[in-house]
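>>> Following is a predicted model, sequence given first.
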Amino acid sequence: MALTDLTKYDLLDLLAANFYPDEKKEEIVSSYMKAFADYLSDRVADRLKEEDGEKLAELLRDPYVTPEVIENFYKGRIPEYDILLLGGTLLFKKTFLLDFYKEMLKKTKEVEDASNVLWSDMVTAAEKDEWGTVLDYAKQIEEKFLPSPHPSKYLD
């Protein structure tokens, strides 16, 4: 399997979060997108010249600027921006998911929750980029352990 296979799978499906109300799903996606934006900004910041940073700051202050304008700004200044964006997107998504799975593994182990084995299997499969298998485990968690309180209740 390859990291690029991760593009085929929805974040909420891989988080076993489909039972959440729409409001909670929106909160998860919003949090993810903010963290990703910060991550991507860090990845491109060192590729910009000082004057580019000033121009970007000016664009970001404009309340009417669109994401397309920002993307075109980056594309015009960073060679192979599309490749950087795809690679960064996949690496961030994998890291985000692995962090979540590892935290769930730790917490479910502490309280001896029966879903612990599946979280362990998810960590192993995700580390190997076996995203179809990860999705199968997420579905098993949803079917076997939900809608009883989601195992994420153990997270702070």
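Thanks, I have the structure now. Note that the structure is a prediction, hence the values are computed from the model and not measured. Numbering: from 1, shown residues only.

>>> what bits of this protein have low per-residue confidence?
Residue ranges of the chain with pLDDT under 70: 1, 147-156.

>>> Find the nearest non-adjacent residue to the residue nearest to the spatial centre of the chain, please.
Nearest residue to the geometric centre of the chain (C-alpha atoms, centre = their mean): Lys93, 3.5 Å. Residue nearest to Lys93 in three dimensions, not counting chain neighbours: Leu6, with 5.8 Å by C-beta to C-beta, 6 or more residues apart in numbering. C-beta here means a position set from N, CA and C on the backbone, and glycine is covered the same way.

>>> can you give me the helices for the protein?
Secondary structure of the chain (DSSP state H): helices located at 11-14, 22-45, 50-61, 67-77, 81-110, 116-127, 131-145.

>>> would a markdown table of these with distance to Ala2 be doable?
Listed next are those as a markdown table, based on distance: least, C-beta to C-beta, whole Å:
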| stretch | distance to Ala2 |
| --- | --- |
| helix 11-14 | 16 |
| helix 22-45 | 20 |
| helix 50-61 | 32 |
| helix 67-77 | 25 |
| helix 81-110 | 9 |
| helix 116-127 | 13 |
| helix 131-145 | 9 |
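
>>> Go through the ones you listed and pick out the most buried.
Comparing the helices of the chain by mean neighbour count (mean count of other C-beta atoms under 10 Å), helix 116-127 ranks first with a mean of 19.

>>> Put the alpha carbons of that one into CSV.
Taking Å, rounded to 0.1, in the frame of the first residue of the first chain, the C-alpha atoms of helix 116-127 are listed here in CSV:
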residue,chain,number,x,y,z
ASN,A,116,-8.3,-1.5,22.7
VAL,A,117,-7.4,-4.4,20.4
LEU,A,118,-8.9,-2.6,17.4
TRP,A,119,-7.1,0.6,18.2
SER,A,120,-3.9,-1.3,18.3
ASP,A,121,-4.6,-2.9,15.0
MET,A,122,-5.5,0.5,13.5
VAL,A,123,-2.1,1.9,14.6
THR,A,124,-0.3,-1.0,13.0
ALA,A,125,-2.3,-0.7,9.7
ALA,A,126,-1.9,3.1,9.5
GLU,A,127,1.8,2.9,10.0
